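>>> Pasting the sequence and the predicted model now:
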Amino acid sequence: MIYITGDTHGDFSRLNNLKISKDDMLIILGDAGVNYFLNEHDNRLKEFLSLYSLKIFFIQGNHEERPENISNYHETKMFGGNVYIEDKYPNLIFAKNGELYNIDNKSVLVVGGAYSVDKNYRITHGYKWFKDEQLKEEEKDYIIKKYKGKHVDIILSHTCPLKYEPQDNFIYAFNQLKIDKKMEIFLNQLEEIINYDKWYCGHWHIEKQIDKLEFIFKSIKKFER
């Protein structure tokens, strides 16, 4: 069985009641909290997750370092596309942005990354902030050129296209005019030039469905179109 859930931020207690086997996989839609501290704290969490028999497939969020920026990771082929893994934790699999995977006989496009609305607070107060939290312009251009006019079964992203932005969930302590929405604008562009059956995203800490797009937070759902 393949499952999907939203941001965990290092708290995996939601797995406690999930009946899992070595053939199962859990997709996490970014901000898993696995590569956040970049020290022994992360290694302890990975050791804990390696005790689970299932595979965990991570999408890049904004509150975590990209695996390609961490020396322990190497790129390899899995699910018909490139992924990042550490030899020590082979069940922890990190997706590469812009890759198309074959997961459960479904074509699955992964587009991670988002802007941290609390970026300035984090920098000022010494909390972690990652400069590669959003896709680079060349990554966006590559994805648009590669998938324009194509069909994929499912899109996985961290944030959502701008047209689906849940304005009722805005954090009004932050001036919306100062928030960088380049990722949402890009995903809006992608949504307009690609055909898809289903779109899953996290980031917003809500459970909500709009048209073919579903926001997931703490729930664990079966991965399906």
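Cool, got the structure.
>>> which one is N97 nearest to, not counting chain neighbours?
Counting by Cβ to Cβ, 6 or more residues apart in numbering, N97 lies nearest to G112, which is 5.2 Å off, once chain neighbours are set aside. Yep, even glycine has a C-beta here, placed from its N, CA and C like the rest.
>>> if I look at the one you found, how far off is N102?
Distance from G112 to N102, counting by Cβ to Cβ, to the nearest Å: 18 Å.
>>> show me where the chain has strands.
Along the chain, the stretches classed as strands by DSSP state E are 2-5, 25-28, 55-58, 74-78, 81-86, 89-95, 100-103, 106-111, 151-157, 195-201, 208-210, 213-215, 220-222.
>>> Dump those strands into JSON lines; add mean neighbour count, distance to K181 and mean pLDDT as well.
JSON lines is the format used below for those (neighbours: other Cβ atoms under 10 Å; distance: least, Cβ to Cβ, whole Å; pLDDT from 0 to 100):
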{"stretch": "strand 2-5", "mean neighbour count": "21", "distance to K181": "25", "mean pLDDT": "97"}
{"stretch": "strand 25-28", "mean neighbour count": "24", "distance to K181": "23", "mean pLDDT": "98"}
{"stretch": "strand 55-58", "mean neighbour count": "24", "distance to K181": "24", "mean pLDDT": "97"}
{"stretch": "strand 74-78", "mean neighbour count": "12", "distance to K181": "30", "mean pLDDT": "98"}
{"stretch": "strand 81-86", "mean neighbour count": "18", "distance to K181": "27", "mean pLDDT": "98"}
{"stretch": "strand 89-95", "mean neighbour count": "20", "distance to K181": "23", "mean pLDDT": "97"}
{"stretch": "strand 100-103", "mean neighbour count": "18", "distance to K181": "25", "mean pLDDT": "98"}
{"stretch": "strand 106-111", "mean neighbour count": "23", "distance to K181": "15", "mean pLDDT": "98"}
{"stretch": "strand 151-157", "mean neighbour count": "21", "distance to K181": "14", "mean pLDDT": "98"}
{"stretch": "strand 195-201", "mean neighbour count": "19", "distance to K181": "14", "mean pLDDT": "98"}
{"stretch": "strand 208-210", "mean neighbour count": "13", "distance to K181": "17", "mean pLDDT": "95"}
{"stretch": "strand 213-215", "mean neighbour count": "20", "distance to K181": "16", "mean pLDDT": "98"}
{"stretch": "strand 220-222", "mean neighbour count": "13", "distance to K181": "27", "mean pLDDT": "95"}
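>>> Appreciated, that's everything.
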